[in-house]
Structure formats: C-alpha cells, structure tokens
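Engineer: everything below, folded, please.
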Amino acid sequence: MRSLLLFMLGGALATTGTVAAVTISTIAAEAISGSARWSGLPVACNVLGTAGGALLLARLLERSTTPRALGVQYLTSAAGAGLAVFSVVHRAPWLLAAGMSLLGLGNGATQYSRYLAADPFAPALRARALSAVVWVGSIGAVVGPALLLPTGRLALRLGLPHHAGPYLFTGAAFVSVAALYALTLPRSPAVPAVPAVGPEAPGRAGAVTTGAAGADLRTASSWASWPGDARIALLAMLVGHAVMVLVMTMTPLHLMHHGHGLSSVGLVISAHVAGMYLCSPALGWLTSAVGPRRVLQLGASLLTASCALAAWLALRGHGEPMALPLFGLGLGWNAGFVAGSTLLARSLAAGVQVRGRAAADAAVWICAAATSLGASVLFDEIGYVWLNLFAGGLSLILLTWLLARTRVAAAG
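Structural biologist: Residues are numbered from 1 along each chain as shown. Purely as a prediction, here's the structure:
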C-alpha cells in the first residue's frame, strides 16, 4: 500500500508537469516561430518521446533498481524542460521540439508506473491498484492548465519570457519525483534475475542473460508470439486509443466551425477529461469483479454508442450537449485502458513482462501520434459526422471481435 501511495503522489505531480508543458507548447511554438504552421510539432514530439520513454525504462529496469531507473528518466526529462526554457528565451523552435521529446521520456515513465504500482499486490487486487494510478491523472488534467498564469508570472519576475514559466514548473516537478522515488522506494532489483541456461554464468540481479532469457526477450519484442489474452489486450487498447483521439482532437474545431464559443468547447472537453480519469477506481473494481474481458466489451460498447451519439448531435448542430458523448468516449477509453492493462499484465510470462508491457505502451503512443495527425486529414476530407461514424465503425468491429473471442473461449 505504501508503494501505491508513493506512485500515486509521484504520478499526480509528474502528470501535472506534463500537462502544463503540453498545454503551453503550441502557444510557445507559435510565439517563438512567428507561424502556426509547426505549432503542433512539440506535442507530436512529446507523444513520440513518451513511446520511446516506455522502451527506455524497460531497458533501465532490467539493469538497475526501480528508483534508479525512474530517477534517470525523470532527471533526463528535467533537462528537457531546461532545454525548452532555453528555446523560448532564444526563440529556437527546433530546440523546443527536442526539449518536448525529452519531456516525453518522463511521461513514458509515468504511464508505465501503473504496472510497477500494481505488481506487489495479489492478482485479484492489481486492477484496483492500477486504476488508482490512472485516476490521479485527473489531478494533472485539471491543475496543469491552471498553472499557466501563475508560472508565467513567476517567469516574468525571473526575467524570463512568460511562456517559459510552465517549463520551469515541469522541470522542478520531475526533479521532485526523482527525489521522492530515490528516497522512499526500495532499492531491490526491479526485475528478478533470470537463470542462465547452459554454461553461461549467471548475470547480476536484473540483468539480461542468454539462453532462456534471450528467448524471453525475443518473445517480448514479437507480438505475434504473445499469448492470446495479451494480444486481445493490446488490440483493444490500440483501437480504443485511436477512436478516442480521432474524435477528441477534432471536436473543438467542429464546435468552433459551427459558431459555438470557447465556453462550450471548455465544457465539452472538461466532460471528456472527467470520463477519461474520474471513474478509474470504479472500473478497477469492476475489472476485479467481473474480469477484464467483460470490461473490454463494456468499453468498446461505450465507444461505439458515444461516436453514434456525437454524429447525431453534430447533424443537429448541438454544442454543449456534445459533452454527453464526449464523456462516454472518455469513459469507454478508460474502461479499455484499465481492463486492457490488467489483462496484459496477467497474461505475459514473468520473463517478458517488463519489455512486453513497455512494447505495448510504445505501440499505443505511436498509434496516438499517427491518429492525431490522420484525424485532421479525415476531418478535412469527410467532415466531423463521417469521422465519428468511421471511429464508431472501428469500435464496433472491436466489440464484435471481443464477443466472438468470448464465445470461442466459452465453447472451448
């Protein structure tokens, strides 16, 4: 329980820093470059950095203790925040993109920490522990954007541009999280030693050895060789993330195009963020109670229904009522994320868990980056209504596949 509380505290602080940096990044990019053309580049770099961060953390966990591995990653991200401050001061947009990439490493560690928090618990309780770490993301989602003004004022007092303020806070947050974990988490090896096979000498605790370990690592990097439940979990998280990003990223633009003001946009997106995080503990309990497969089906059903409702409301020109389907969209994603992570963690063998979970996280974040870029193209080509129908079709296919798999498993 102590480690869970520590990961929740660290996750809340790190998420707040990440959200503050991401929120200001498009504004800062336009301000220092003088053009909105590449204003989305820092966010895309941050998402790709998050994917790389999951893979890097897996390597570090195999070779070191948990606090040291997390500390290296968070301190590297703090250096990225410093680079972002430098880029704002010297009006260097490409350095801002590089800094946001390094900041993504810390976010990758934050996202992966849900597994580290859940590992010490009995299997029946891991979904609840995992969902608690996901839930604290709501703190960052609310507090992060609210820090733009006070941190901007602090930057001005320090003689820095206003846009440098959130990056100062993010750097301090990551240093604080690294210190928190270094001082409080146990220094035991993050990954148990894997016995060597044949004449090879055993490696140190947490190190990768040859023989059986090499086969395990090859399995971790090959999704086709994963157990069936692990592949189900990965596919469900990929589709859920893609559906959510497709609709979420284009909803503000749709509302503005149809004459709805920023107040309507804020209400709709706030409802969406609430759906993404606030119900995580309840979904964790439900996953433990009925099993992750049923919660995955619930998530896919919510995504499908939400996309259909959003398309219908868009046809009728509604603004603020869009909060309902966007809340459902976030809730459906949340169900798939919590249940998918739980199913993945319990399906992978011990020797491939660290890299396997990291590979899954990396795939999800790469999917998010690609989908966010493709969403604008689809929106421009087919419009918001058909975009929702396309996204709903993806989630309906997922739901049909999940139900079919359940029937096959029951028959077998």
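
Engineer: next SSE after the helix or strand hosting M250?
Structural biologist: Using DSSP states H and E, M250 maps to helix 228-257. Going down the chain from helix 228-257, the next helix or strand is helix 262-277, by DSSP H and E.

Engineer: which other helices and strands contact that following helix?
Structural biologist: Secondary structure elements in contact with helix 262-277, counted by 3 or more Cβ pairs under 8 Å, 6 or more residues apart in numbering; DSSP states H and E, are helix 137-146, helix 228-257, helix 323-347. Every residue, glycine included, has its C-beta placed from N, CA and C.

Engineer: tell me the buried residues in the first one?
Structural biologist: Buried residues in helix 137-146, counted by 16 or more other Cβ atoms under 10 Å: 137-145.

Engineer: show me the contacts for A28.
Structural biologist: Shown in contact with A28 (Cβ atoms under 8 Å, 6 or more residues apart in numbering): 42, 84, 88, 96, 163.

Engineer: let's see 6 Å
Structural biologist: Contacts were defined as Cβ atoms under 6 Å, 6 or more residues apart in numbering; by that measure A28 touches 88, 163.

Engineer: which strand or helix spans it?
Structural biologist: helix 2-33.

Engineer: just name the shakiest helix or strand of the protein by mean pLDDT.
Structural biologist: One helix or strand of the chain scores below all others by mean pLDDT, DSSP states H and E: helix 212-221, with a mean of 45.

Engineer: with adjacent residues omitted, what lies nearest to the residue nearest the centre of the chain?
Structural biologist: Centroid check for the chain by Cα atoms, centre = their mean gives Q111 as the closest residue, at 5.5 Å. Distance criterion Cβ to Cβ, 6 or more residues apart in numbering; nearest residue to Q111, sequence neighbours excluded, is D361 at 5.9 Å.

Engineer: next: G71.
Structural biologist: Using Cβ to Cβ, 6+ apart, the nearest residue to G71 is A178, at 4.3 Å.

Engineer: where's the one you found relative to L83, distance?
Structural biologist: Going from A178 to L83 by Cβ to Cβ, to the nearest Å gives 17 Å.

Engineer: ok, these two, which is more surrounded?
Structural biologist: Per other Cβ atoms under 10 Å, whichever of A178 and L83 has more neighbours is A178, with 25 against 22.

Engineer: go ahead and confirm the more buried one touches Y74.
Structural biologist: Yes - if you go by Cβ atoms under 6 Å, A178 and Y74 touch, sitting 4.0 Å apart.

Engineer: domain boundaries for the protein, per the record?
Structural biologist: Split into domains by automatic domain parsing, the chain comes to 2-184, 216-411.

Engineer: so where's this protein shaky on pLDDT?
Structural biologist: Applying pLDDT under 70 to the chain flags residues 36-37, 188-224, 262, 410-412.

Engineer: so who does V377 touch?
Structural biologist: Contacts of V377 (Cβ under 6 Å, 6+ apart): none.

Engineer: quick thing: my sequence starts at 5, can you match it?
Structural biologist: With 5 as the first residue, the last one maps to V381.

Engineer: so it is in which element?
Structural biologist: Following DSSP H and E, one finds V381 within helix 357-415.

Engineer: report the angle between the axes of that helix and helix 232-261?
Structural biologist: 100 degrees (axes from the mean of the first three to the mean of the last three Cα atoms, to 10 degrees).

Engineer: returning to what we had before: so the residue nearest to the centre of the chain: helix, strand or coil?
Structural biologist: helix (DSSP: H, G, I helix; E, B strand; the rest coil).

Engineer: how close does it sit to A374?
Structural biologist: Distance of Q115 to A374, computed by Cβ to Cβ: 17 Å.

Engineer: how about stretch 323-331 as PDB, C-alpha atoms only?
Structural biologist: C-alpha atoms of stretch 323-331 as PDB (Å, rounded to 0.1, in the frame of the first residue of the first chain):
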ATOM      1  CA  GLY A 323     -22.900  22.400 -29.000                       C
ATOM      2  CA  GLU A 324     -22.900  21.800 -25.200                       C
ATOM      3  CA  PRO A 325     -24.900  18.600 -25.400                       C
ATOM      4  CA  MET A 326     -21.800  17.100 -27.100                       C
ATOM      5  CA  ALA A 327     -20.500  16.900 -23.500                       C
ATOM      6  CA  LEU A 328     -22.500  13.700 -23.100                       C
ATOM      7  CA  PRO A 329     -21.000  11.600 -25.900                       C
ATOM      8  CA  LEU A 330     -17.500  13.000 -25.200                       C
ATOM      9  CA  PHE A 331     -17.900  11.900 -21.500                       C
END
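
Engineer: flag every buried residue along it.
Structural biologist: 323, 326-331.

Engineer: of those residues, closest to R191?
Structural biologist: Using Cβ to Cβ, F331 comes nearest to R191 of the buried residues of stretch 323-331, at 42.3 Å.

Engineer: does the closest one touch G279 like I think?
Structural biologist: Yes - F331 lies in contact with G279 (Cβ under 6 Å); the separation is 4.1 Å.

Engineer: separation between L238 and A349?
Structural biologist: 12 Å.

Engineer: many thanks, we can stop here.
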